[in-house]
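> Okay, sequence plus prediction incoming.
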There are 2 protein chains.
Amino acid sequence: MSDHVAKATLYDALTQAAKALSNGRRAELVDVLAQGERPVEELADEIGQTIANTSQHLQRLLRSGLVKTRRDGTRIYYSLSSPVVHALWRTMRQTAEEHVAGLQQLANDYLGDRSKLRTITRDALQARLSDGDVVVLDVRPEPEYTAGHIRGAITIPISDLKSRLGEIPAGAEVVAYCRGPYCVYADDAVRLMTRNGLDAARLEDGFPEWVAARLPIEGRTP
Amino acid sequence: MSDHVAKATLYDALTQAAKALSNGRRAELVDVLAQGERPVEELADEIGQTIANTSQHLQRLLRSGLVKTRRDGTRIYYSLSSPVVHALWRTMRQTAEEHVAGLQQLANDYLGDRSKLRTITRDALQARLSDGDVVVLDVRPEPEYTAGHIRGAITIPISDLKSRLGEIPAGAEVVAYCRGPYCVYADDAVRLMTRNGLDAARLEDGFPEWVAARLPIEGRTP
DNA sequence: AACCAATTCAATGGTTTTCTTGAATAGGAC
DNA sequence: GTCCTATTCAAGAAAACCATTGAATTGGTT
């Protein structure tokens, strides 16, 4: 093999990870998988695609090594191969935020106006956790809470929140969190709780970042 | 716009940076541009493509915001928009190294056997720089040396090295460096010098990593 | 103005991606 | 074994991507 061809082949291989993440649907999948393992059908539902199509995207991720699978009876659970994959996704996001034209507008279109939402940083939340005067509320779908959550958090998925507001301990401030900076669940939760007279704020970014910062968690996530 | 469409559009936009880097030729371009700005014709030569094709790849990078241009007379110089772009390229590379099957084999095919090359870490080199008993040799093409190089390094492009071996100060150990871990120039230089009785080693990775580590440089790079 | 050099543009054809649809497979329950 | 469920496979069409070719632009030089 000529040097020229060998070089081209090597650089083609070096871009495989980028190719795997260069599709919006696969990016959504990685965003969900960063919360923990999930079976194909649930993933298809999360990204709003057919099962066949989702399966093909997942196999693309599998071929490039970014995810792995585990069979349990008739179900096949997908999960990220390692924290490096989530780090790549975060770096990619950051690069897009800084350099891709029009991204801010698209983010606003999807996320809505966040200027009126009170947010709290990871460090601030951790500091207040030890004081115990704050309720941490996980509003992600139940399987993601089960797979792992912030230590001491309670779970009320956003879809149930309206009818289960009464379960939230009264008196303390509520901090809601979800999947990350581009997830709207916590936004919706804070708006709903505020309208109902609760003192609510949103944790900046989400659970995977909490894990990456090595802050205390509990649940199945190792 | 429905929420569903807005979300898909946002995630599509978030993958733009990955899409831009998801092609081997564009990855090679970023690797070269990480050394400093270069005009189109030289870039085409570096990646072994036609000028028209190189121009189109560069404009793809430009549209996604990863590079910027500067006109000087009849030439147009391309450069990376910010250090974030190089960080993305490094993270991408690292992810591929850890997860893409067969990458090690392809790297060996192109880089050859490195086991007999002595290498020195960045920190070790910096420590010895103050002692002054080491010659740092930049074997990249001249324009890249001019754009910026390790403080105190001398330049002999790999293409000229054989006929200019006499210029290397005798007596001291020589440390050669080039573009990064996937660049063969320093490898070739160390082999050539060793065959000629010089005491030579290769700096692990290359100039962009030296810059990223905020070690001393000189030349035009800010 | 005429010419030249560097770069971009536009059109073409071949390849790869992506989604859809419907059939095939593999493990579990009866 | 037969049925059921979760997932994968296979085939096809529309769109995007990529290298090639030759023409068009833009700024500089004579």
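Sure, I can see it.
> strand partners of the helix or strand A:Arg202 falls within, parallel vs antiparallel please.
Element membership for A:Arg202, per DSSP states H and E: strand A:200-203. Sheet pairing of strand A:200-203 (DSSP bridges) gives strand A:119-120 (parallel), strand A:173-177 (parallel).
> next one: it to chain centre, how far?
Remark: strand A:200-203 is offset 16 Å from the chain centroid, using C-alpha atoms, centre = their mean, to the nearest Å.
> residues from chain A in reach of DNA strand D?
By C-beta under 7 Å from any atom of the strand, the residues of chain A that approach DNA strand D are A:39-41, A:51-52, A:55-56, A:58-59, A:69, A:74-77. C-beta coordinates here come from the backbone N, C-alpha and C atoms, glycine included.
> In those, find the pair that's most separated.
A:Gln56 and A:Thr74 (19.4 Å; C-beta to C-beta).
> more neighbours, those two?
A:Gln56 (12 against 6; other C-beta atoms under 10 Å in any protein chain shown).
> so what's A:Tyr77 up against?
Taking C-beta atoms under 8 Å, 6 or more residues apart in numbering or on different chains as the criterion, A:Tyr77 is in contact with A:37-39, A:69-71.
> A:Met193 too?
A:161, A:165, A:168, A:174, A:176, A:200.
> hmm, 10 Å instead?
A:137, A:139, A:161, A:165, A:168, A:174, A:176, A:199-201 (C-beta atoms under 10 Å, 6 or more residues apart in numbering or on different chains).
> For it, what are phi and psi?
phi -70, psi -40 (degrees, to the nearest 10).
> what's next to the lowest-mean-pLDDT helix or strand in chain A, contact-wise?
Lowest mean confidence among the helices and strands of chain A (mean pLDDT, DSSP states H and E): helix A:122-131, at a mean of 91. Contacts to helix A:122-131, defined as C-beta under 10 Å, 6+ apart, come from residues A:120-121, A:134, A:136, A:150-153, A:172-173, A:175, A:177, A:201, A:203-206, A:209-210, A:212-213, A:215-216.
> Could you verify my assumption that A:Ala8 touches B:Arg25?
Yes - contact criterion C-beta atoms under 10 Å: A:Ala8 and B:Arg25 qualify, at 7.8 Å.
> hmm, back to that, ok, then the element right after the least confident helix or strand of chain A?
Helix A:122-131 is succeeded, C-terminally, by strand A:134-138 (DSSP H and E).
> tilt between that next one and strand A:173-177?
30 degrees (axes from the mean of the first three to the mean of the last three C-alpha atoms, to 10 degrees).
> what's the following helix or strand after strand A:134-138?
helix A:142-147.
> In terms of pLDDT, where does the spatially most central residue of chain A sit?
Nearest to the geometric centre of chain A sits A:Arg179, at 3.0 Å (C-alpha atoms, centre = their mean). For A:Arg179, the model assigns a pLDDT of 97.
> What values do phi and psi take at the nearest residue to it once chain neighbours are set aside?
Nearest residue to A:Arg179, sequence neighbours excluded (C-beta to C-beta, 6 or more residues apart in numbering or on different chains): A:Gly206, at 4.6 Å. The phi/psi pair for A:Gly206 (degrees, to the nearest 10) reads phi -140, psi -160.
> how near is A:Gly206 to DNA strand D?
Distance, A:Gly206 to DNA strand D, by C-beta to the nearest atom of the strand, to the nearest Å: 24 Å.
> cool, and A:Trp89?
As judged by C-beta to the nearest atom of the strand, A:Trp89 and DNA strand D stand 19 Å apart.
> before we move on, what about A:Ala96?
From A:Ala96 to DNA strand D the distance is 15 Å (C-beta to the nearest atom of the strand).
> isn't that residue right up against A:Pro181?
No - taking contacts as C-beta under 10 Å, A:Ala96 lies outside contact range of A:Pro181: 11.9 Å.
> Average pLDDT for stretch A:74-89, rounded please.
Here the average pLDDT along stretch A:74-89 is 96.
> Likewise for stretch A:169-176?
91.
> Which positions within it qualify as buried?
Residues of stretch A:169-176 classed as buried under the neighbour-count rule (16 or more other C-beta atoms under 10 Å in any protein chain shown) are A:174-176.
> Equivalent analysis for stretch A:210-222, please.
So for stretch A:210-222, counting by 16+ other C-beta under 10 Å, buried means A:210-211, A:217, A:219.
> mind giving me the domain ranges of chain A?
Domain segmentation of chain A under automatic domain parsing yields A:3-88, A:111-218.
> Can I get stretch A:166-175 as PDB, trimmed to CA atoms?
C-alpha atoms of stretch A:166-175 as PDB (Å, rounded to 0.1, in the frame of the first residue of the first chain):
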ATOM      1  CA  GLY A 166     -48.700  17.300  46.100                       C
ATOM      2  CA  GLU A 167     -45.900  14.800  46.700                       C
ATOM      3  CA  ILE A 168     -43.300  17.600  46.900                       C
ATOM      4  CA  PRO A 169     -42.400  18.400  50.500                       C
ATOM      5  CA  ALA A 170     -43.600  21.900  51.300                       C
ATOM      6  CA  GLY A 171     -41.500  24.700  52.700                       C
ATOM      7  CA  ALA A 172     -38.100  24.000  51.100                       C
ATOM      8  CA  GLU A 173     -36.800  25.300  47.800                       C
ATOM      9  CA  VAL A 174     -37.100  22.800  44.900                       C
ATOM     10  CA  VAL A 175     -34.200  22.300  42.400                       C
END
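> List the residues that contact A:Glu98.
Counting by C-beta under 10 Å, 6+ apart, A:Glu98 makes contact with B:17, B:65-66, B:81-82, B:84-85, B:88.
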